[in-house]
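# can you look at this prediction? I've put the sequence above it.
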Amino acid sequence: MQLETRTRSILKAVSWRTLATLTTAVIVFLFTGRVALALTVGVLEVFAKMALYFFHERLWQKIRFGRRDVPSFVVWFTGLPASGKKDVADRVYRKLERTGIKVERLDSHDVRHLFPKLGFSPEEVDRHVKRAGHLCSMLEKNGVSVVASFVSPYREGRQFARSLARNFVEVYMKSTVEACERRDRKGHYAKARRGEYRFFPGVDVTYEEPESAEIVIEIDRMTADEAADRIYGYLRRNYLNGV
C-alpha cells in the first residue's frame, strides 16, 4: 500500500488552487468588470482553499472506506527448459506493473551468476532453488509481490519455496521434451544430447511434474499472450481484488 507524503499533498493543493483561482478571478471579472475585485477575491480564495484542501486530503488518508488491501504474493513459474517460462513471466510482470502494486521480477539467469561455483547436479540445483525461494519470501513479507521463473525440476525444491511464502502460486508450463527442443533457439538440448551438459532436465534427468500447481499452462496449445491473460485473470480474482 502507498501513502501520500505531506509534500505531495501540498504540491497538489498548490497546482489545483492556481488553476481554480484563475478561473474564479476570470468569472468575477466577467460579472463585475472590476479587475481589483477579481484579483482580491482570487488571492483570498488561494490561501483559504489551499488550507482546506490540505486538511481535506490528510483527513481522507485516515479513512479506510473505499480502500482495498492487496496482499503480496509469489508467482512461481516452473517447467522444462525452453517451455516459455521467461516469456510468459515477463508478460505477467508487465501487466502487474501497470496495476501500481510493488512487484519484482526474478529469473534464474538473474540469480545464478551470484553463485559462480554452483553446478547443475540435483543437489546443487535444489540448493539454488531454495535460495531463490527464500529471496522471494523475504520480498513477499516486505509487501513486494514476485514473479519468478526457474526450471526448478525437483518437487522438493519447489515445495520448500512454497512453504516459505504466505501466498504462493505455482504455474506449471506444461510441454513435451520434443516441443521444447524445437523451441530451443540456444541449442541447449543439442548440447545436452552430445554430452556437453550433464543433469539436463528432460534429457538425462527427469523433470518432476507438479502434482498440485495452481495453474497449468499447456503452452503448446495457446499463445504466450493467452497464457499471460489466463494467469493475470487468476491473480485478479484471488489477490488483486479487482485492481
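Good, I have the coordinates.

# quick one: low-confidence ranges for this structure?
1-4, 116-117, 242-243 (pLDDT under 70).

# tell me which residue is most central in the chain.
When C-alpha atoms, centre = their mean is applied to the chain, the residue found nearest the centroid is residue 103 (3.4 Å).

# report the beta-bridge partners for that residue.
Note on residue 103: beta-bridge partners by DSSP bridges are residue 145.

# would you mind giving the domain segments of the protein?
6-62, 74-239 (the TED database).

# between those, which gets nearest to residue 68?
domain 74-239 (10.9 Å; C-beta to C-beta). C-betas here are computed from N, CA, C, even on glycine.

# what's the next secondary structure element after the host helix or strand of residue 13?
Assigned by DSSP states H and E, residue 13 falls within helix 6-32. Next along the chain after helix 6-32, taking DSSP H and E as the criterion, comes helix 35-61.

# one step back: and the angle from the helix holding residue 13 to helix 35-61?
Angle, helix 6-32 to helix 35-61, by axes from the mean of the first three to the mean of the last three C-alpha atoms, to 10 degrees: 150 degrees.

# show me what counts as buried in helix 6-32.
Using 16 or more other C-beta atoms under 10 Å as the test for burial, helix 6-32 gives 9, 13, 17, 20, 21, 24, 25, 28, 29.

# for that helix, packing partners?
helix 35-61 (3 or more C-beta pairs under 8 Å, 6 or more residues apart in numbering; DSSP states H and E).

# buried set for the helix it packs on?
Buried-residue list, helix 35-61, by 16+ other C-beta under 10 Å: 38, 41, 42, 45, 46, 49, 50, 53, 54, 57.

# now these in a markdown table, with distance to residue 85?
Below are the buried residues of helix 35-61 laid out as a markdown table (distance: C-beta to C-beta, whole Å):
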| residue | distance to residue 85 |
| --- | --- |
| 38 | 64 |
| 41 | 63 |
| 42 | 60 |
| 45 | 58 |
| 46 | 56 |
| 49 | 53 |
| 50 | 52 |
| 53 | 48 |
| 54 | 48 |
| 57 | 43 |
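
# just flag the most distant two among those residues.
Greatest spacing in the buried residues of helix 35-61, by C-beta to C-beta: 38 and 57 (27.4 Å).

# strands of the chain, start to end?
Remark: strands assigned in the chain by DSSP state E are 74-78, 103-107, 145-149, 168-174, 215-218.

# helices and strands around the third one, which ones?
Okay, so that is strand 145-149. Using 3+ C-beta pairs under 8 Å, 6+ apart, strand 145-149 sits against strand 74-78, helix 85-99, strand 103-107, helix 122-141.

# just the fourth one next, same as before
Using 3+ C-beta pairs under 8 Å, 6+ apart as the contact criterion, the elements in contact with strand 168-174 are strand 74-78, helix 85-99, helix 155-164, strand 215-218, helix 224-235.

# nearest to residue 181, out of the ones you listed?
helix 85-99 (15.4 Å).

# that closest one versus strand 74-78: what angle between them?
Using the same axes, to 10 degrees: helix 85-99 against strand 74-78 is 160 degrees.

# and helix 85-99, C-alpha only, in PDB?
The C-alpha coordinates for helix 85-99 follow below in PDB (Å, rounded to 0.1, in the frame of the first residue of the first chain):
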ATOM      1  CA  LYS A  85       8.600 -19.600 -18.700                       C
ATOM      2  CA  LYS A  86      10.600 -16.400 -19.100                       C
ATOM      3  CA  ASP A  87       8.500 -15.000 -22.000                       C
ATOM      4  CA  VAL A  88       5.100 -15.600 -20.300                       C
ATOM      5  CA  ALA A  89       6.500 -14.500 -16.900                       C
ATOM      6  CA  ASP A  90       7.700 -11.200 -18.400                       C
ATOM      7  CA  ARG A  91       4.300 -10.600 -19.800                       C
ATOM      8  CA  VAL A  92       2.600 -11.200 -16.500                       C
ATOM      9  CA  TYR A  93       5.100  -9.000 -14.800                       C
ATOM     10  CA  ARG A  94       4.400  -6.100 -17.100                       C
ATOM     11  CA  LYS A  95       0.600  -6.500 -16.500                       C
ATOM     12  CA  LEU A  96       1.200  -6.400 -12.800                       C
ATOM     13  CA  GLU A  97       3.400  -3.300 -13.000                       C
ATOM     14  CA  ARG A  98       0.600  -1.400 -14.700                       C
ATOM     15  CA  THR A  99      -1.700  -2.000 -11.700                       C
END
